[in-house]
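In: Requesting a structural model of the entry that follows:
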Amino acid sequence: MNDDKQPEEKQEPQIQEYRLVVVDDNESVCNSIRRELGMKTKHESFRFQIKDFQDPEVAFNYICDHDVHLVISDIKMPFMTGDQLLAKIKERCPQKPVLIITGYATKDNILSIFKADKNTIILSKPWDPDRLYASIKKLLDLKDS
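Out: Numbers count the residues shown, from 1 in each chain. Reported below is the predicted structural model:
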């Protein structure tokens with residue numbers, strides 16, 4: 001009988017990466033979201049790979065050409081509003097989840113958002129980091145680890 005047992009190799013847990021696009025004309029907002037989500041996922045089994053854009057049209061082209069899991073967008077931006085961006089995304093990629101973060105919500109743009117997609121989540125600026133994180137996890141259907 002041979003009792004030569006090989007020590008078991010400890011396998012590192014597989015880290016799942018989710019690709020997020022953040023669209024806000026204020027670069028510091030994009031940086032804040034990146035920093036907050038980086039801290040929140042430090043001990044999770046997933047990470048967020050974040051690409052940010054200050055121009056909604058450039059962001060839309062990127063979203064159409066790349067495998068993006070979630071879009072986070074401001075509403076009030078030059079050239080194209082967040083509700084217009086949402087409508088374009090939903091026309092091209094109806095299943096793509098979108099999270100709207102705004103300091104300028106009006107009745108009209110909220111109705112426009114829900115007309116384009118009733119599952120979109122809207123958060124106000126300044127946002128609560130825990131609520132932002134929970135909203136992203138909900139939209140991506142991520143379970144607590």
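In: Tell me which helix or strand in the protein has the weakest average pLDDT.
Out: helix 107-116 (a mean of 81; mean pLDDT, DSSP states H and E).
In: For that helix, C-alpha coordinates in CSV please.
Out: Taking Å, rounded to 0.1, in the frame of the first residue of the first chain, the C-alpha atoms of helix 107-116 are listed here in CSV:
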residue,chain,number,x,y,z
LYS,A,107,-40.5,64.7,-14.3
ASP,A,108,-40.0,64.7,-18.1
ASN,A,109,-36.6,62.9,-18.2
ILE,A,110,-37.7,60.4,-15.5
LEU,A,111,-40.8,59.5,-17.6
SER,A,112,-38.5,59.3,-20.7
ILE,A,113,-36.2,56.9,-18.9
PHE,A,114,-39.0,54.6,-17.8
LYS,A,115,-40.6,54.8,-21.2
ALA,A,116,-37.3,53.5,-22.7
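In: elements contacting the helix or strand just after it?
Out: Downstream of helix 107-116, the next assigned helix or strand under DSSP states H and E is strand 121-124. Applying 3 or more CB pairs under 8 Å, 6 or more residues apart in numbering; DSSP states H and E, one finds that strand 121-124 contacts strand 98-102, helix 129-140. Quick note: C-beta positions are derived from backbone N, CA and C, even for glycine.
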